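# quick check, what structure comes out for this input:
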Amino acid sequence: MKLPLILAIAIAAASMATRAQAQNYPWCAYYGDGNEAINCGFTTYEQCMADVSGIGGFCQQNNTYVPPSAAPRQHHSRKTS
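Numbering: from 1, shown residues only. Model prediction:
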């Protein structure tokens, strides 16, 4: 009875697992003196500063940030009658 339950849990866990993706945001928080941890998940400098406020650290622009490409604009032709 335990084997089917363990197998079902393993299959469910494997199906929910996703690949880790790098955070693509323009600002990074460096906690402490910058060697403890880094979180590059901030869209604004203000968000980043609010996160490190009171716990120590600093914010710096993410040098690996790649802005999302804009969707191609569709050209609409005008019908002439």
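
# switch to C-alpha atoms for all contacts and neighbour counts from now on
Noted.

# can you pull out the helices in the protein?
In the chain, the helices defined using DSSP state H lie at 2-16, 45-52.

# in the protein, which segments are predicted with low confidence?
Low-confidence regions of the chain, defined here as pLDDT under 70, cover residues 1-23, 71-72, 75-81.

# so which residues of this structure form strands?
27-31, 37-42, 57-61 (DSSP state E).

# so which of the ones you listed gets nearest D51?
For the strands of the chain, the distance to D51 is smallest for strand 27-31, at 7.6 Å, taking C-alpha to C-alpha.

# kindly format the C-alpha coordinates of the closest one as PDB.
What follows is the C-alpha trace of strand 27-31 in PDB, where atoms were taken according to Å, rounded to 0.1, in the frame of the first residue of the first chain:
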ATOM      1  CA  TRP A  27      17.900  46.200 -10.200                       C
ATOM      2  CA  CYS A  28      19.800  43.900  -7.800                       C
ATOM      3  CA  ALA A  29      19.900  44.000  -4.000                       C
ATOM      4  CA  TYR A  30      23.300  43.000  -2.500                       C
ATOM      5  CA  TYR A  31      22.700  42.100   1.100                       C
END
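
# got the angle for that strand vs strand 57-61?
Using axes from the mean of the first three to the mean of the last three C-alpha atoms, to 10 degrees, one finds that strand 27-31 and strand 57-61 are set 160 degrees apart in direction.

# quick one: strand 27-31 to helix 45-52, angle?
Here strand 27-31 points in a direction 20 degrees away from that of helix 45-52 (the same axes, to 10 degrees).
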